[in-house]
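1. Here's my sequence, what's the structure:
(one chain, ligands or ions: 2)
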Amino acid sequence: MQNNKDQIDDIFDKFLQGPKIFTDREVLRPDYVPDNLPHREDQIQQIAKILAPVLDEARGSNIFIYGKTGTGKTAVVKYVLNRLIRRSNEIGALVENSYVNCRLVGTVYRVLLKLGESIDLKIPFTGLATSEVFDRFEDALDLKGVLLIVVLDEIDALIKVYGDNLIYELTRVNETLNKGKVSLICISNDLLFKDLLDPRVLSSLGEEEVVFRPYTAPELKDILLERAKISFNDDVLMAGSLNLCSALAAAEHGDARRALDLLRVAGELTEREGVAKVTEEHVRCAQKKIEEDRVVLVLKTLPIHSKLVLCSIYIMSRAKVKNAITGDVYEVYIELCNQLGLESLTQRRISGLINELDITGILNARVVSLGRYGRTKKIRLAISNVVIKDVFSNDPWTKKIIDYSPKCMLNK
Ligand SMILES: Nc1ncnc2c1ncn2[C@@H]1O[C@H](COP(=O)(O)OP(=O)(O)OP(=O)(O)O)[C@@H](O)[C@H]1O
Ligand SMILES: [Mg+2]
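-> Ligands and ions are numbered 1, 2, ... in the order given. Alright, predicted model coming up:
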């Protein structure tokens with residue numbers, strides 16, 4: 001029998017001797033900003049025109065950018081800003097910029113910390129009231145007399161938790177400062193986000209709106225072609241494979257991130273197989289893998305009671321109950337809660353959780369009439385039992401009940 005060391009060496013040798021698929025795989029990573037962004041010429045020009053007065057140290061209008069995920073919002077804004085800052089440095093204009101991803105940064109306090117950093121203002125990591133931090137930021141900005149372009153990306157994540165006060169304050173800064181100025185760019189992929197804003201905030205933020213519509217399949221193909229040229233070796237990628245990546249991503253919702261992920265994962269699967277060409281079959285496998293990874297992530301991050309609902313449905317399906325109804329799922333769920341010593345939720349709440357799981361596509365719930373007994377839902381898993389078993393056998397709570405046989409099912 002081979003020992004571990006030899007096995008690993010074999011893997012490495014096979015990799016080194018196998019066909020070379022990528023010239024530069026980093027180019028396919030999501031945070032890579034390409035030099036060229038096909039099919040976003042209009043948005044690039046629009047944003048560049050709105051921001052151009054900044055080169056004269058005059059404030060550009062605030063911009064509100066929206067469009068679905070993967071439509072190039074972040075890439076385009078970073079691209080235009082890079083160019084703008086380069087030009088302003090050349091001519092010695094007093095312009096700074098601060099890009100903040102609100103979802104990653106998380107709190108208003110930390111957003112302000114980041115904005116402060118960009119004008120060399122040191123703020124303690126904790127301890128001050130947010131209003132105090134904002135005052136310090138304003139003073140520092142005025143003292144420096146710079147024009148600061150603030151980009152708040154994925155702004156909806158912040159607003160949903162903290163409200164729109166920060167945007168309100170930022171749009172008002174220009175009225176109070178003598179020398180410093182702020183131009184604000186807010187980006188969101190949640191189209192309903194505008195409803196969360198106070199009308200005053202909306203009118204000053206939405207001085208200019210730029211919309212990013214989803215890409216079509218031919219547009220995605222152009223984007224992929226450009227990227228493939230610099231990331232894949234010649235003749236590795238079959239034309240049909242590239243077309244399929246664009247078609248699949250266009251069918252999803254015109255998402256360039258998904259298209260690029262498909263291409264990268266298809267390349268990686270090809271490489272692991274040790275073959276020389278990326279085929280359509282590799283793309284289909286990539287699609288399956290990405291979808292499974294997404295489902296696994298969703299399952300892992302569900303709240304405990306949703307996990308228990310799924311475990312209940314899984315246990316019933318394992319016992320060959322094909323179309324469980326809400327009441328039966330609830331009985332199993334109660335037993336699982338008892339097993340774990342958890343307080344159970346009401347049947348009404350569980351019915352709500354079932355609806356949420358239905359929306360995420362993890363299960364299918366179909367309303368059926370029980371005649372004079374009212375209505376119920378017939379529920380079945382929309383993902384494979386194997387995935388559920390895998391994920392929930394490794395979860396600290398659900399691993400204790402995933403193999404349990406509920407008593408309420410004995411006489412069914
Ligand atoms: N026109 C384009 N040309 C080349 N690459 C693009 C283009 N549009 C998007 N991309 C690439 O697709 C990926 C997703 O784009 P980006 O991150 O800008 O999307 P987004 O609109 O900000 O999405 P989200 O709302 O999820 O943040 C990135 O890797 C980006 O480089
Ligand atoms: Mg983005």
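2. For burial, what's the neighbour tally of the closest residue to residue 399 other than its chain neighbours?
-> Once flanking residues are discounted, residue 399 sits nearest to residue 393: 5.3 Å by C-beta to C-beta, 6 or more residues apart in numbering. C-beta coordinates here come from the backbone N, C-alpha and C atoms, glycine included. Residues lying near residue 393 (other C-beta atoms under 10 Å) number 11.
3. Also residue 6?
-> Residue 6 has 10 nearby residues by other C-beta under 10 Å.
4. Contact residues of the stretch 151-300 of the chain facing ligand 1?
-> For the stretch 151-300 of the chain, the contact set with ligand 1 under C-beta under 6 Å from any ligand atom comprises 189, 223, 256-257, 260.
5. Next, the buried residues of stretch 371-385.
-> The neighbour-count check on stretch 371-385 (16 or more other C-beta atoms under 10 Å) flags 376-377, 379, 381, 383 as buried.
6. neighbours around the residue in the stretch 51-200 of the chain positioned nearest to ligand 1, how many?
-> Of all residues in the stretch 51-200 of the chain, residue 72 sits closest to ligand 1, at 2.9 Å by C-beta to the nearest ligand atom. Residue 72: 22 surrounding residues under other C-beta under 10 Å.
7. What of residue 280?
-> 15.
8. right, and it touches residue 242 too?
-> No - using C-beta atoms under 8 Å, residue 280 is not in contact with residue 242, being 9.7 Å away.
9. can you give me the helices in the stretch 251-400 of the chain?
-> 256-273, 280-300, 304-318, 326-340, 347-359, 385-393 (DSSP state H, counting those that start in this stretch).
10. As TSV, the ones you listed with mean pLDDT and distance to residue 238 would be great.
-> What follows is the helices of the stretch 251-400 of the chain, written out as TSV (pLDDT from 0 to 100; distance: least, C-beta to C-beta, whole Å):
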stretch	mean pLDDT	distance to residue 238
helix 256-273	93	10
helix 280-300	93	7
helix 304-318	95	39
helix 326-340	94	46
helix 347-359	91	37
helix 385-393	93	30
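11. so can I have JSON lines of the ones you listed showing distance to residue 117?
-> Output for those, formatted as JSON lines (distance: least, C-beta to C-beta, whole Å):
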{"stretch": "helix 256-273", "distance to residue 117": "28"}
{"stretch": "helix 280-300", "distance to residue 117": "31"}
{"stretch": "helix 304-318", "distance to residue 117": "38"}
{"stretch": "helix 326-340", "distance to residue 117": "45"}
{"stretch": "helix 347-359", "distance to residue 117": "38"}
{"stretch": "helix 385-393", "distance to residue 117": "39"}
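12. Out of those, the one nearest residue 195 is which?
-> Taking C-beta to C-beta, helix 347-359 is the member of the helices of the stretch 251-400 of the chain nearest to residue 195, at 19.1 Å.
13. just the angle between that closest one and helix 304-318, please?
-> Between helix 347-359 and helix 304-318, the angle comes out at 80 degrees (axes from the mean of the first three to the mean of the last three C-alpha atoms, to 10 degrees).
14. Now helix 347-359: buried residues?
-> By 16+ other C-beta under 10 Å, the buried positions in helix 347-359 come out as 350-351, 353-354, 357-358.
15. One more: stretch 360-370?
-> The neighbour-count check on stretch 360-370 (16+ other C-beta under 10 Å) flags 362-363, 365 as buried.
16. got a list of what the residue nearest to residue 165 when sequence neighbours are not counted touches?
-> Closest residue to residue 165 apart from its sequence neighbours, by C-beta to C-beta, 6+ apart: residue 108 at 7.6 Å. If a contact means C-beta atoms under 8 Å, 6 or more residues apart in numbering, then residue 108 has 130, 158, 162, 165-166 as its contacts.
17. Mind doing that once more with 6 Å?
-> By C-beta atoms under 6 Å, 6 or more residues apart in numbering, residue 108 lies in contact with 130, 162, 166.
18. Adding neighbour count, write the residues you listed out as JSON lines.
-> Compiled in JSON lines, these are given as follows (neighbours: other C-beta atoms under 10 Å):
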{"residue": "130", "neighbour count": "16"}
{"residue": "162", "neighbour count": "16"}
{"residue": "166", "neighbour count": "22"}
